[in-house]
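J.: fold the following.
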Amino acid sequence: MTDTSQPPRKGQDFEQVLDKSDTRVASFETRAKSPVERLQHLLHGNPTLVPVIVLLVSIAAFGVIAGGKFFSAFNLTLIMQQVSIIGILAAAQTLIILTAGIDLSVAAIMVLMAVIAGNLAVYSGVPSGIALLIAFAGGAGAGLMNGFLVTKIKLPPFISTLGTWSIFYALNLWLSGAQSIRSQDIDANAPLLKLFGETIAIGSARLTYGSLLMVLIFLVLWYMLNKTAWGRHVYAVGDDKDAAELAGIRTDRTLLSVYALSGLICAIAAWASIGRVGSISPQAFYDGNLQSITAVVIGGISLFGGRGSILGALFGALIVGVFQSGLRLAGVDVLWQVFAIGWLIILAVAIDQWIRKVSA
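T.: Sure thing, here's the model as predicted:
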């Protein structure tokens, strides 16, 4: 065999130097993935699978622990009623978290818009439909304010929404005078505000319009995020904003639209919350911000942005509802229910960190 390690001598043909029979291709040994690595890759490609599995296991476990009452149609639909408002807030929160941000003001926006709609419709004589439209515009405007602080003033989302949470909460107390609007006054002057509290009876099951609204919002957002260019831009901004800008995406415009849509959803949640509670309290859902984040985290949506399915937040809210209902039926004190939810959050974040380590 010709030695090809030396350069060809003068006058020597290159074909004489390179023996065609000595064609060797570099090969790389491939190591078979372990079952754990295969599971890691599966969950990385299907982030919604984790909350679905947790939800099914939780339902089965509490069905055994709490007995037949847990599996009754009444109890299962009651869980949907109980998580409907937090679920809608979690949908709004998911949009922000997918862009690698966080919104600490979602519940404050919701309560403020409920107070605005209630004051206009009950005390000022404004038709309920117009009062709701004003509240929707106000919710979108509050979201735009958050988006402006993030995109134009360049404040971190955590800081900007922490500040607006205080602003919206103070406005809420000022407009309401720290007084609730009673259910009787709403019934007498603006019954439309309580629309989503009405119940549909199917056998022993009791579904409210608010529960159906929650599911509808998630389905619409799933379509927008997965079937439209806007949705692809949202994921791209959350995954790597600089790379998205280089790809021609107008990242600031995308972020502004996300915050505005999130605010609008909070205003819709305000309408649903009036039906759910039956009255308008300026101090209702005080911990709704943290509960919405809890649902998003348990739903397998990465806090680092760019990964996760909007449906995961729905499953996350249902998981919290299942835990609370199951533990309550089992006679567990409320203190330990909160304790269990805390461990759920820690476990969900740990699983997310583990999934993110998957090799490309």
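J.: show me what contacts Val50?
T.: By Cβ atoms under 8 Å, 6 or more residues apart in numbering, the contact set of Val50 is 43, 300, 312, 348, 351, 355. For the C-beta atoms, the positions are set from N, CA and C on the backbone; glycine is no exception.
J.: buried ones among those residues?
T.: 43, 300, 312, 348, 351, 355 (16 or more other Cβ atoms under 10 Å).
J.: quick revisit: of the contacts of Val50, which is the nearest to Ala330?
T.: Ala330 lies nearest to Ala348 out of these, by Cβ to Cβ, at 22.0 Å.
J.: so Val277 makes contact with Ala284?
T.: Yes - here Val277 reaches Ala284: they are 6.0 Å apart, a contact under Cβ atoms under 8 Å.
J.: the two: which is more packed in?
T.: Ala284 (20 against 17; other Cβ atoms under 10 Å).
J.: isn't there a helix covering that one?
T.: No - read with DSSP: H, G, I helix; E, B strand; the rest coil, Ala284 is coil and lies in no helix.
J.: now it. Its backbone dihedrals?
T.: phi -70, psi 150 (degrees, to the nearest 10).
J.: cool, the one 3 residues further on as well?
T.: Here the main-chain torsion angles of Asp287 (degrees, to the nearest 10) amount to phi -100, psi 20.
J.: list of residues touching stretch 300-307?
T.: Residues outside stretch 300-307 that contact it (Cβ under 8 Å, 6+ apart) are 47-51, 94, 97-102, 235-240, 297, 308-310, 312-313, 315-316, 348-349, 351-352, 356.
J.: give the buried subset of those as a ChimeraX selection command.
T.: Selecting only the buried entries of these in ChimeraX, with 16+ other Cβ under 10 Å as the criterion:
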select :47,48,49,50,51,94,97,98,99,100,101,102,235,236,237,238,239,297,308,309,310,312,313,315,316,348,351,352
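J.: give me the subset of the contacts of stretch 300-307 lying in strands.
T.: In this view, those have no member that belongs to strands under DSSP state E.
J.: among the contacts of stretch 300-307, name the ones in helices.
T.: 49-51, 94, 97-98, 235-239, 297, 310, 312-313, 315-316, 348-349, 351-352, 356 (DSSP state H).
J.: stretch 329-337: end-to-end distance?
T.: Start-to-end span of stretch 329-337 (Cα to Cα, to the nearest Å) is 11 Å.
J.: pull out the buried positions in that stretch.
T.: Neighbour-count burial for stretch 329-337 flags 332, 337 (criterion: 16+ other Cβ under 10 Å).
J.: quick one: low-confidence residue ranges for the chain.
T.: When residues are selected by pLDDT under 70, those of the chain lie in 1-32, 43-45, 356, 358-360.
J.: run through the strands of it in chain order.
T.: Ranges of strands in the chain, per DSSP E, are 199-202, 205-208.
J.: I'd like to know which elements the last one is packed against.
T.: Other helices and strands packing on strand 205-208, by 3 or more Cβ pairs under 8 Å, 6 or more residues apart in numbering; DSSP states H and E, are helix 73-98, strand 199-202.
J.: so what touches it?
T.: 73-74, 76-78, 80-81, 84, 196-200, 275-276.
J.: what strands flank it, and is each parallel or antiparallel?
T.: strand 199-202 (antiparallel) (DSSP bridges).
J.: residues contacting the partner strand, please?
T.: Residues outside strand 199-202 that contact it (Cβ under 8 Å, 6+ apart): 73, 206-209, 212.
J.: just the buried residues from those, in ChimeraX please.
T.: For the buried members of the contacts of strand 199-202, the matching ChimeraX selection, counting by 16+ other Cβ under 10 Å, is:
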select :206,207,208,209
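J.: closest to Ala137 out of the contacts of strand 199-202?
T.: Out of those, the member with the shortest distance to Ala137 (by Cβ to Cβ) is Tyr209, at 22.4 Å.
J.: my guess is that closest one contacts Leu192. True?
T.: No - at 11.8 Å, Tyr209 and Leu192 do not qualify as touching, with contact defined as Cβ under 8 Å.
J.: quick revisit: reformat the contacts of Val50 as JSON lines; add distance to Ala244.
T.: What follows is these, written out as JSON lines (distance: Cβ to Cβ, whole Å):
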{"residue": "Leu43", "distance to Ala244": "25"}
{"residue": "Gly300", "distance to Ala244": "23"}
{"residue": "Gly312", "distance to Ala244": "22"}
{"residue": "Ala348", "distance to Ala244": "27"}
{"residue": "Ile351", "distance to Ala244": "27"}
{"residue": "Ile355", "distance to Ala244": "22"}
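J.: of all the contacts of strand 199-202, which two lie farthest apart?
T.: Spatially, the most separated pair among the contacts of strand 199-202 is Ala73 and Tyr209, at 17.7 Å (Cβ to Cβ).
J.: check which residues of stretch 182-192 are buried.
T.: Judged by neighbour count (16+ other Cβ under 10 Å), stretch 182-192 contains these buried residues: 185-186, 189-190, 192.
J.: using JSON lines, lay out those together with distance to Ile265.
T.: Listed next are those as JSON lines, based on distance: Cβ to Cβ, whole Å:
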{"residue": "Asp185", "distance to Ile265": "27"}
{"residue": "Ile186", "distance to Ile265": "22"}
{"residue": "Asn189", "distance to Ile265": "26"}
{"residue": "Ala190", "distance to Ile265": "22"}
{"residue": "Leu192", "distance to Ile265": "19"}
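J.: wait, which of the strands of the chain is closest to Ala66?
T.: Once the strands of the chain are compared by Cβ to Cβ, strand 205-208 is nearest, at 18.0 Å.
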